[in-house]
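*Asks:* Structure of the sequence below:
(one chain, ligands or ions: 1)
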Amino acid sequence: MTNMNVNTKKFHRLVVNWYKKHGRKNLPWQQGISPYRVWLSEIMLQQTQVTTVIPYFEKFIKRFPTIQQLAKATLDEVNHLWAGLGYYSRARNLHKTAQIVHQQYNNKFPSSLQELMLLPGIGRSTAGAILSLSMEIPAPILDGNVKRVLSRVFAIAGWPEERAAQKRLWELATYYTPAQQVKAYTQAMMDLGAMVCTKSNPQCIHCPLIKICQARQLNQINLFPGRKPKISLPIKSTYLLIIANSEQAVLLEKRAPVGIWGGLWSLPECQELKDLKTLLKQRYGLLLKKHQAYPNFRHSFTHFHLEITPVLIEASLGPKHQIAETNRIWYKETTNQLGLPKPVSQLMRRYAKGELTWQK
Ligand code: SF4
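*Replies:* Below is the predicted model of the structure:
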């Protein structure tokens, strides 16, 4: 295969020697390294920068030093610690996987790729990272950093998430993953992508692969990896209702476990303001007195943009109010510790600061 004409031994030597001198060795999950720590960090690092992850990782490890403790926590507690990291299905899968490893594997992660990949939230690359970084078992990884390095060194055309490019990249990742020193090699590839072969402005003069890098030789680094085809995301809109009681606590309800913000606590929602009165009465047994809408703002998900309009509500409890249900709560930031989606916690903060009050 033309792209694999670089000698594997030479490739490893270049990469591992560079790692010994320049690679990262002080990341929090590298200290007292274990499958649990590597797994936790890998899940957090999906779609998220290292600098953002570090404080979250430290909070998690402090609260749940072992997988057993994480397995025994409530999902609310996990969501609360996760709040702000986004992609909340990761937190739900983290919790599920901890429970499976606790119950079925006696708190020990399995050491085969197939078994690891059966655990919720663990894909091929995460499984490879757990095996190679914490058990020294050779298994390739292909995270965003490694995709970028391989795409450039071997000039792989196409967006790395497209089937053909992805297949090619996995072939290369597998071919170059060594049987020896796999931990250093894997960390080195991740570090190269994060520190040297960065998305914009790669530091080729500091790169150990400069002499074999095809994108560099072609003077076409900016063409690799290929760009994601542009699609414009649909825009949806919603009203988030801020209903406070006499103690300035705000009504929140727990969302269904799947879908957007699944399992998190959120403000009641309304699609049309003309339905507000009926919705409050039928769903919560509340009698609307007055309402006031605030300027909307946008929150983006991977598949759509959400235009959110906050609406302050004054309502009284009707004779058949339904606030005391288990999935509803009067929330105050100072007393409740719950996992809230980012836009909701921002609104809660604005409300607590008195920024959302009745205008005359
Ligand atoms: S030579 Fe430049 S483009 Fe090629 S892998 Fe190294 S940093 Fe990336």
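*Asks:* only C-alpha atoms for contact and neighbour calcs from this point on.
*Replies:* Noted.
*Asks:* wait, isn't Gln166 in contact with Ser151?
*Replies:* No - under the criterion of Cα atoms under 8 Å, Gln166 is not in contact with Ser151, lying 9.8 Å apart.
*Asks:* Which neighbours do those two have in common?
*Replies:* Overlap of the contact sets of Gln166 and Ser151 (by Cα atoms under 8 Å, 6 or more residues apart in numbering) consists of Pro160.
*Asks:* neighbour count winner among these two?
*Replies:* Neighbours were tallied for Gln166 and for Ser151 using other Cα atoms under 10 Å; the higher tally belongs to Ser151 (28 against 18).
*Asks:* So in that sheet, which strands flank the host helix or strand of Thr238, and in what orientation?
*Replies:* Assessed by DSSP states H and E, Thr238 sits inside strand 235-243. Each strand paired with strand 235-243, and its direction, by DSSP bridges: strand 269-270 (antiparallel), strand 305-317 (parallel).
*Asks:* nearest residue to Thr29 other than its sequence neighbours?
*Replies:* No Thr there; residue 29 is Trp. On the basis of Cα to Cα, 6 or more residues apart in numbering, the spatially nearest residue to Trp29 that is not a chain neighbour turns out to be Arg37, at 5.5 Å.
*Asks:* List, one by one, the residues from the stretch 151-300 of the chain near the ligand.
*Replies:* With Cα under 6 Å from any ligand atom as the criterion, the stretch 151-300 of the chain meets the ligand at residues 152-153, 196-197, 202-204, 207, 209-210, 213, 216, 221.
*Asks:* Tabulate those residues in TSV, adding columns for distance to Pro160 and pLDDT.
*Replies:* Listed next are these as TSV, based on distance: Cα to Cα, whole Å; pLDDT from 0 to 100:
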residue	distance to Pro160	pLDDT
Arg152	11	98
Val153	14	98
Val196	19	98
Cys197	16	98
Pro202	18	97
Gln203	21	98
Cys204	21	98
Cys207	22	98
Leu209	20	98
Ile210	21	97
Cys213	17	97
Arg216	18	97
Ile221	15	97
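*Asks:* and those residues, which are buried?
*Replies:* Using 16 or more other Cα atoms under 10 Å as the burial test, these include 152-153, 196-197, 202, 204, 207, 209, 213, 216, 221 as buried.
*Asks:* Show the contacting residues for whichever residue of the stretch 51-200 of the chain sits closest to the ligand.
*Replies:* Going by Cα to the nearest ligand atom, the ligand is nearest to Cys197 of the stretch 51-200 of the chain, at 3.8 Å. Counting by Cα under 8 Å, 6+ apart, Cys197 touches 148-149, 203-204, 207.
*Asks:* Name the SS class of the residue nearest the centre of the chain, please.
*Replies:* Nearest to the geometric centre of the chain sits Tyr87, at 4.5 Å (Cα atoms, centre = their mean). Three-state assignment for Tyr87 (DSSP: H, G, I helix; E, B strand; the rest coil): coil.
*Asks:* Could you verify that Lys289 is part of a strand?
*Replies:* Yes - assessed with three-state DSSP, Lys289 lies in a strand.
*Asks:* tell me which strands and helices the least confident helix or strand in the chain by mean pLDDT is in contact with?
*Replies:* Lowest mean confidence among the helices and strands of the chain (mean pLDDT, DSSP states H and E): strand 328-331, at a mean of 90. The contact analysis (3 or more Cα pairs under 8 Å, 6 or more residues apart in numbering; DSSP states H and E) places strand 328-331 against strand 250-254.
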